[in-house]
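1. fold the stuff below for me.
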Amino acid sequence: MYFSYCVIDEVHCVSEWGHDFRTSYLSLGRNAIEFCKTKNKNFLPIFGLTATASFDVLSDVERELSGNGLTDIDTDAIVRFENTNRVELQYQIINVDVEFERDEKFKLKLKDGKVITLPVQPIKTNIKDATAIKKQKELQRILDLIPADISKFNEQSETIVDWTKDRFSTEEVTNRNIRIENFDSEKFFDETNSNGGIIFCPHRTWLFGVTDKFKWDKYSEDVFDDNGNVIHKRGDLFLDENKKKVKLPPDKRRAVADCINKENIKVGIFMGSSDEDESVGKEIEAESFENQRRFINNEQNLMVATKAFGMGIDKPNVRFTIHFNIPSSIESFVQEAGRAGRDRKVALSTILFNQQQVSIFNQRFLDEFKPKLSADTFKLIKQFKNQKFYKEEIPSVLKAIGNEELIQYEKEILEKAGTIFTDKDNLLFFHSNSFKGQAKEMVVINELLQEILFQIKQPFAISRKINDEIGEEEFG
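-> Take a look at the predicted model:
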């Protein structure tokens, strides 16, 4: 059998996903070149198609599709369409600020036992969780406002077209009609599901994730019998009367899709399948693709999904997208926001953005300063271990302490303190947790191999070990 050419759609995924969790994508070019033979050419022609890719991504795709040097791809092989402007798409960024709770019980003691009164108390709240909870509340408000917002833009459709033409000097929008005819905001979410929306989440589970419905229920604290003996440890799985695992009940689910309960909004979920349990993975996959079918056929009107959803789906009546977290790049945003307004009529794209940055005196910070400070000063600063302040608050805190050494190092303390920037940290989650150095990786791999080879007694120990290394939230 001979092949004429190889076509790879959404080719930016070779670069954007290939280096993360779809490493098989990096072999597409090499496999096509080595195993797909042509009748009269030395190498199979490869076409890579994408609507959005930066120059860096295109360069990476070019390198990977060449099979890392098996064939040459010169710059003339790349045909770029520079204008990605979509006049029908309107954009808004909603700033979501959080009023973090303070730890009023925290006390800083000097060597002589004197308690220092600080100008501000440390932040007590779990920053990431509090941010997600505030975003979930804001999401509810936005869903209520979207019909009216789209109606407003719809009434301004001619002005939008004229402004776009003047601003970007483009003739392609001339005579464009982006107005939605007979639009009725009162019937936006109705039983016909004639208007759809997509909410993109950075994780699969928990507060920033899609849904918790596929997670196993666990004990949140130790359980003791009447004699004080531990019968269930914190983190142990709940088992039913048949000794089978139990899914997390609805009242314990905290993810984005789980928090949406509005009249006439029919929510579906779509995410990558789990690697922890084959049966759960199949269940996730089956429900995701059933939800995709229902969404396309107007049986559902809202999809909560990871970025795995939407490529290659040309649903004309998606009227809005919402990014629960800032997208990973401008190209990703254009790609994902562009799943709305496919009928070339007014659509709205929203980003929920939290710009608050919190400094934390973490262990890395303490390790950095231990050799620089005197023993007494280090004991003093060590009392701040894992305490959090806004960066702009730190100088006044140091001044209140009155320690000359710390005041002397103020600039360096501001630079070296850890930073919690939730929206950015979510994007770096996979990278930050997937590789912790060669030595650590070798230890983990060796431990996993030992457990595989020597038949572990606890069947879920490997999954738990991986989860310990990577954390609760999941990508995909």
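
2. tell me which residues in stretch 263-276 are buried?
-> 266-274, 276 (16 or more other CB atoms under 10 Å). C-beta: built from backbone N, CA, C; applies to glycine.

3. actually, stretch 194-201.
-> 195-201.

4. can you add pLDDT and distance to H232 and give those back as a markdown table?
-> Putting the buried residues of stretch 194-201 into a markdown table (pLDDT from 0 to 100; distance: CB to CB, whole Å) gives the following:
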| residue | pLDDT | distance to H232 |
| --- | --- | --- |
| N195 | 95 | 47 |
| G196 | 95 | 44 |
| G197 | 96 | 41 |
| I198 | 97 | 40 |
| I199 | 97 | 35 |
| F200 | 96 | 37 |
| C201 | 96 | 31 |
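
5. D56: which of these is nearest?
-> F200 (22.2 Å; CB to CB).

6. residues contacting the closest residue to the closest one other than its chain neighbours?
-> Excluding its sequence neighbours, the residue lying closest to F200 (CB to CB, 6 or more residues apart in numbering) is H323, at 5.0 Å. Shown in contact with H323 (CB atoms under 8 Å, 6 or more residues apart in numbering): 199-200, 333, 336-337, 349-352.

7. list buried residues within these.
-> Judged by 16+ other CB under 10 Å, buried ones among these: 199-200, 333, 336-337, 349-352.

8. of the buried residues of stretch 263-276, which belong to helices?
-> Among the buried residues of stretch 263-276, no residue falls in helices (DSSP state H).

9. now the two most distant members of the residues you listed.
-> The widest separation within these (CB to CB) is 28.5 Å, between K266 and E276.

10. hang on, isn't R294 packed against G268?
-> Yes. Between R294 and G268 a contact is recorded at 6.0 Å, counting by CB atoms under 8 Å.

11. common neighbours of the two, please.
-> Counting by CB under 8 Å, 6+ apart, the residues touching both R294 and G268 are Q300.

12. next, count neighbours for the nearest residue to L65 once chain neighbours are set aside.
-> Leaving aside its chain neighbours, L65 sits nearest to G29 (3.6 Å; criterion: CB to CB, 6+ apart). A total of 26 residues lie near G29 under the criterion other CB atoms under 10 Å.

13. now G29. Its backbone dihedrals?
-> phi -60, psi -50 (degrees, to the nearest 10).

14. and what of R102?
-> Torsion angles, degrees, to the nearest 10, at R102: phi -100, psi 150.

15. skip the chain neighbours and tell me the closest residue to it.
-> Q121 is the one closest to R102 (CB to CB, 6+ apart), at 4.2 Å.

16. mind listing what that neighbour touches?
-> With CB under 8 Å, 6+ apart, Q121 has these contacts: 102-104, 106.

17. secondary structure element holding it?
-> Using DSSP states H and E, no element contains Q121; it sits outside every helix and strand.

18. pLDDT value on the residue nearest to K233 when sequence neighbours are not counted, please?
-> Excluding the flanking residues, the one nearest K233 by CB to CB, 6+ apart is D222, at 5.7 Å. As predicted, D222 sits at a pLDDT of 91.

19. what of F21?
-> pLDDT at F21 comes out at 64.

20. show me where pLDDT drops low in the chain?
-> 20-21, 52, 67-84, 169-174, 274-276, 311-312, 430-441, 444, 451-476 (pLDDT under 70).

21. which residue is nearest the middle of it?
-> P202 (1.5 Å; CA atoms, centre = their mean).

22. phi, psi for S59 please.
-> Here S59 shows phi and psi, under degrees, to the nearest 10, equal to phi -60, psi -40.

23. from P45, how far out is it?
-> 20 Å (CB to CB, to the nearest Å).

24. tell me what the lengthiest helix in the chain is packed against?
-> Determined from DSSP H, the single longest helix within the chain is helix 127-155. Contact partners of helix 127-155 among helices and strands, from 3 or more CB pairs under 8 Å, 6 or more residues apart in numbering; DSSP states H and E: strand 89-95, strand 318-323, strand 347-353, helix 422-434.

25. distance to E191 added to these, as TSV?
-> TSV is the format used below for the helices and strands packed on helix 127-155 (distance: least, CB to CB, whole Å):
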stretch	distance to E191
strand 89-95	26
strand 318-323	16
strand 347-353	22
helix 422-434	35
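
26. to E241, which of those lies closest?
-> Nearest of these (CB to CB): helix 422-434, 36.7 Å.

27. the closest residue to H19 other than its chain neighbours: neighbour count?
-> Leaving aside its sequence neighbours, H19 sits nearest to L26 (CB to CB, 6+ apart; 7.4 Å). Counted with other CB under 10 Å, the neighbours of L26 add up to 19.
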